[in-house]
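Trainee: Have a look at this fold, sequence not included:
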Ligand code: HEM
């Protein structure tokens, strides 16, 4: 073996092992700083992990764009497949006075709030764009309570890492990390464009999460669970993180 | 002899002159015993990685666009608002009126995952390619028209050759002609960057941190429309690109782009 190729072999070997251990350290650090999404595995894991990590590093607590009132869409499309859920229909018939949202999981005070109680919290209005993964979008004014107020009322425990929220529709839930859960624009919405939240847009309670695509803004929310692991919660083929 | 004939005869003379010049240069630069590498390893690897990703992006992009084959200008747009233009194709969502009586299956889950994964590979590959081409000699020597001696005469001759559908000559076996250089440059420095920019401009998270991503192109829906138009232009480039490779001699050019085996005189016709 010539001197040259031996040297080349040694440097390549060193570089490869440095690279491998560097990668291992990077993964450990990334996990520690919350840069690894729950769906990091599988063939699409690298892409979704790079997206999530780079967004977490680049966006921090940035605020989604808010628009002037004259940019509110006159025709906000409500995509909704008709459904019949007895419980929902009877709550609706009663004007949703009996609608409750339960907060459980890693909280010191598991709680349950009625709509009137939610409206008692400090509220926020924001005119933001809702963009669907299909490609369409609209701008609306949303009124609601920032999720962080609900979480602090229920006293989330220090080990909390994710917040799962459920729709009354069967098998429909989504989840976000604490960075988004505690973001000031993450609202539990009960009003839209100055009126009540319409049925098509998730009456009586939906999420507004303007830094992610529409499928994370679940409608008809009646339960919130705080957790430290999404192992049993996240499934489906859509990417968990939808900031794109 | 008509003026046109005279011009084309002059053009031929210039080609011969040029050929003589470039073979001489090659002989000078390359020791006679080794074969001249046609494309550097870096160019070949990044080229085929980009091609692979482009097909992944194209397939997944088509899957995604059929979920809403309507386009808008400005910030917002949906099935309740008028469109800028619509594609005459069926959709994978029942609420989009297409004129077709059926709805295609929803494939957006894997499509979106594949799209973003391929986008990452294309961006990283492109960065490696552009940075090394700018720092090295590739950009100046092989891609900028100056490297081929850009003169108006040269350019009009190249365009005329293209219009006359002349087969690429011997000269192009060793160096890209001016039209080819301009096409590559616009793909590398205009179309791909625009596709990436407008892709970022559709990300609500990135736009929250850098609103200029969306505002400079006219809004979220404008970004989506530009992204689509740029993709169509890239597909057109790809079609012309493949036709030109075939016309120039598919086997030789492909061998050069894959293994970098140099062209031998007998093989090159
Ligand atoms: C969207 C996909 C593609 C893009 C963006 C693309 C772009 C390019 C670019 C920029 C170059 C110049 C490379 C340089 O010197 O730095 C090039 C060269 C080349 N490409 Fe592609 N390409 C694509 C797909 C293909 C495909 C599918 C083929 C094969 C059929 C192909 C065959 C070649 C060959 C043979 C060359 C060398 C041309 C020559 O030596 O004259 N490319 N391509």
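Mentor: That came in fine, so what should we check first? The structure presented is a predicted model; accordingly, all values stated were derived computationally and were not measured.
Trainee: In chain A, where's the longest strand?
Mentor: strand A:137-146 (DSSP state E).
Trainee: Who are the packing partners of it?
Mentor: If you count contacts as 3 or more CB pairs under 8 Å, 6 or more residues apart in numbering or on different chains; DSSP states H and E, strand A:137-146 packs onto helix A:115-120, strand A:124-131, strand A:187-192. Backbone N, C-alpha and C define where each C-beta goes, glycine included.
Trainee: Quick one: the strands in chain A, in order.
Mentor: In chain A, the strands defined using DSSP E lie at A:100-105, A:111-114, A:124-131, A:137-146, A:162-167, A:173-177, A:187-192, A:195-196, A:206-208, A:221-227.
Trainee: Nearest to residue B:52, out of those strands?
Mentor: strand A:124-131 (28.9 Å; CB to CB).
Trainee: picking that back up, export the helices and strands packed on strand A:137-146 to CSV and tack on mean pLDDT?
Mentor: Below are these laid out as CSV (pLDDT from 0 to 100):
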stretch, mean pLDDT
helix A:115-120, 97
strand A:124-131, 98
strand A:187-192, 98
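Trainee: and among these, the most buried is which?
Mentor: strand A:187-192 (a mean of 23; mean count of other CB atoms under 10 Å in any protein chain shown).
Trainee: Quick one: closest of the strands of chain A to residue B:79.
Mentor: So among the strands of chain A, strand A:137-146 is nearest, using CB to CB, at 10.4 Å.
Trainee: which outside residues touch the closest one?
Mentor: A:67, A:69, A:71-73, A:75-77, A:118-119, A:121-131, A:184-194, A:201, A:208, B:75-78, B:220-221 (CB atoms under 8 Å, 6 or more residues apart in numbering or on different chains).
Trainee: Same check on stretch B:200-210?
Mentor: By CB under 8 Å, 6+ apart, stretch B:200-210 touches A:55, A:58-60, A:62-65, A:129, A:131, A:210-213, A:243-244, B:213-214, B:217, B:220, B:223-224, B:227.
Trainee: if we go to 7 Å?
Mentor: A:55, A:58-59, A:62-65, A:131, A:210-213, A:243-244, B:213-214, B:217, B:220, B:223-224, B:227 (CB atoms under 7 Å, 6 or more residues apart in numbering or on different chains).
Trainee: Just the buried ones from the residues you listed?
Mentor: A:55, A:59, A:62-65, A:131, A:210-213, A:243-244, B:213-214, B:217, B:220, B:223-224, B:227 (16 or more other CB atoms under 10 Å in any protein chain shown).
Trainee: Find the residue at the geometric middle of the chain.
Mentor: No chain specified, so I'll use chain A. By CA atoms, centre = their mean, chain A has its centre lying nearest to residue A:176, at 3.5 Å.
Trainee: oops, chain B please
Mentor: residue B:187 (4.1 Å).
Trainee: Which pLDDT value goes with it?
Mentor: The per-residue pLDDT reported for residue B:187 equals 98.
Trainee: Next, find the distance separating it from residue B:180.
Mentor: In this view, residue B:187 and residue B:180 are 11 Å apart by CB to CB, to the nearest Å.
Trainee: who in chain A is up against the ligand?
Mentor: Selection of chain A residues close to the ligand by CB under 6 Å from any ligand atom yields an empty set.
Trainee: Quickly find the element holding residue B:121.
Mentor: Assigned by DSSP states H and E, residue B:121 belongs to helix B:108-135.
Trainee: Can that helix be said to contact the ligand?
Mentor: No. For helix B:108-135, no contact with the ligand is found by CB under 6 Å from any ligand atom; the gap never falls below 6.6 Å.
Trainee: helices or strands next to whichever helix or strand comes after that helix in the packing?
Mentor: Following helix B:108-135 in sequence order, the next helix or strand is helix B:138 (DSSP H and E). In terms of contacts (3 or more CB pairs under 7 Å, 6 or more residues apart in numbering or on different chains; DSSP states H and E), helix B:138 is not packed against any helix or strand.
Trainee: Just the strands from the stretch 1-150 of chain B, written as ranges.
Mentor: B:70-71, B:85-86 (DSSP state E, counting those that start in this stretch).
Trainee: which residues sit against the first one?
Mentor: Meaning strand B:70-71. So strand B:70-71 is contacted by B:83-86, B:96, B:224-225, B:228 (CB under 7 Å, 6+ apart).
Trainee: Please name whichever of these scores lowest on pLDDT.
Mentor: For the contacts of strand B:70-71, the pLDDT minimum is residue B:96, 93.
Trainee: Now for the residue in chain A that the ligand sits nearest to, how many residues are close by?
Mentor: As assessed by CB to the nearest ligand atom, the ligand sits closest to residue A:47 within chain A, at 19.1 Å. Residue A:47: 20 surrounding residues under other CB atoms under 10 Å in any protein chain shown.
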